[in-house]
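1. what follows is a protein structure lacking sequence information:
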């Protein structure tokens, strides 16, 4: 029984916001969750966190259920950004270069946290470790838009994530 409890505790701990975000933004609350499947293969679970009185603060916490290379994750992000149909090829290339320096390979059980800060920039964390940020509010809108925008990559996922959101 003790082993089971310990395993559950470790699993719960591993799927939480990075300590820095929890310390700096204690009012971040989980408001939604969903899962992403690719042809019946579970890829990740995702949670949305918001602050009730601060619509500019949001975090997406993603726990991967399979190994993925940084290259594949970058390709998928670029496909989703292009599908929004709002950004020039030059802008997309600029963002791709920036993301390439930040995106790590992920293993099963890893977490990636994407945080929109009060300056409307995007901070990235991998397994509780800060990876970097992109200082561009337009990027932040586009990148968070993959999950939460007007043309999300997956409309059902957006509904699941935002059904109890403080700020749609």
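-> Structure received. Remember, it's a predicted structure, so these values are computed and weren't measured experimentally. Residues are numbered from 1 along each chain as shown.

2. all contacts plus neighbour counts: C-alpha atoms, from now on.
-> Noted.

3. any chance you could map the strands in the protein?
-> Secondary structure of the chain (DSSP state E): strands at 29-38, 41-51, 54-64, 111-116, 122-126, 129-134.

4. which residues does the last one contact?
-> For strand 129-134, the surrounding residues in contact (Cα atoms under 8 Å, 6 or more residues apart in numbering) are 18, 98-99, 102-103, 121-125, 140.

5. and those as a markdown table, adding neighbour count, pLDDT and distance to residue 30?
-> Converted to a markdown table, those look like this (neighbours: other Cα atoms under 10 Å; pLDDT from 0 to 100; distance: Cα to Cα, whole Å):
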| residue | neighbour count | pLDDT | distance to residue 30 |
| --- | --- | --- | --- |
| 18 | 19 | 94 | 13 |
| 98 | 15 | 98 | 28 |
| 99 | 20 | 98 | 26 |
| 102 | 18 | 98 | 25 |
| 103 | 20 | 98 | 24 |
| 121 | 18 | 97 | 20 |
| 122 | 24 | 98 | 18 |
| 123 | 19 | 98 | 18 |
| 124 | 21 | 98 | 18 |
| 125 | 23 | 98 | 17 |
| 140 | 20 | 98 | 20 |
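
6. which pair in the residues you listed spans the largest distance?
-> 18 and 98 (21.6 Å; Cα to Cα).
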